[in-house]
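Novice: Quick check, what structure comes out for this input:
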Amino acid sequence: MELESCNIKETNDRLRRLLPDIPLPHKLILTEGVAGMGVAELNRVLALVRSYDDFTEENDPYLEHDCIFIEDLICKIDYLDDKYEGLKIDGNRVFTIMYRNEY
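Specialist: Numbering: from 1, shown residues only. The predicted structure follows:
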């Protein structure tokens with residue numbers, strides 16, 4: 001996925017729609033709680049996240065489509081450098097899905 005060819009929002013949307021097949025160097029992280037849900041429930045959650053399109057000024061003030069609250073879950077995208085240590089806006093995406101109480 002070429003980041004230079006689109007803006008942050010478009011990149012995040014394209015990445016989210018590929019779940020769970022995130023292309024390298026991007027990563028998908030499921031917290032312990034989410035990883036422990038059954039296969040059917042995880043597939044349902046992934047489908048909800050893939051199809052999410054209810055972004056508003058209130059829940060997406062920077063228009064980056066990088067954080068989603070669905071049911072009792074938080075889905076967020078962080079932008080990291082090649083070592084996954086520091087912030088880099090046009091860097092690797094790390095998509096994390098967690099329960100709100102795991103944040």
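Novice: going forward, measure contacts between C-alpha atoms and count neighbours the same way
Specialist: Fine.
Novice: what stretches of the chain score poorly on pLDDT?
Specialist: Low-confidence segments of the chain (pLDDT under 70): 1-6.
Novice: how about the helices in it?
Specialist: Along the chain, the segments classed as helices by DSSP state H run 8-17, 32-35, 39-51.
Novice: Deepest-packed of the ones you listed, please.
Specialist: helix 8-17 (a mean of 18; mean count of other Cα atoms under 10 Å).
Novice: got the angle for that one vs helix 39-51?
Specialist: Helix 8-17 and helix 39-51 meet at an angle of 160 degrees, taking axes from the mean of the first three to the mean of the last three Cα atoms, to 10 degrees as the criterion.
Novice: Tell me the helices and strands packed up against helix 8-17.
Specialist: Packing contacts for helix 8-17, counted by 3 or more Cα pairs under 8 Å, 6 or more residues apart in numbering; DSSP states H and E, involve helix 39-51.
Novice: can you pull out the strands in this structure?
Specialist: All strands of the chain, identified by DSSP state E, fall at 27-30, 67-70, 73-80, 92-99.
Novice: hey, which of the ones you listed is tucked in deepest?
Specialist: It is strand 92-99: most buried of the strands of the chain by mean count of other Cα under 10 Å, with a mean of 21.
Novice: C-alpha coordinates for stretch 62-79, CSV please?
Specialist: The C-alpha coordinates for stretch 62-79 follow below in CSV (Å, rounded to 0.1, in the frame of the first residue of the first chain):
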residue,chain,number,x,y,z
TYR,A,62,-8.8,15.3,12.9
LEU,A,63,-10.5,13.5,10.0
GLU,A,64,-8.1,10.6,10.1
HIS,A,65,-10.5,7.7,10.6
ASP,A,66,-8.0,6.3,13.1
CYS,A,67,-10.2,5.4,16.1
ILE,A,68,-13.5,3.6,16.3
PHE,A,69,-15.7,2.8,19.2
ILE,A,70,-18.0,-0.2,18.5
GLU,A,71,-20.0,-1.8,21.3
ASP,A,72,-17.5,-2.4,24.1
LEU,A,73,-14.5,-2.3,21.8
ILE,A,74,-11.9,0.3,20.8
CYS,A,75,-10.2,0.0,17.5
LYS,A,76,-7.3,2.4,16.9
ILE,A,77,-4.5,3.0,14.5
ASP,A,78,-1.1,4.2,15.5
TYR,A,79,1.6,5.5,13.1
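Novice: With that, I have no additional questions.
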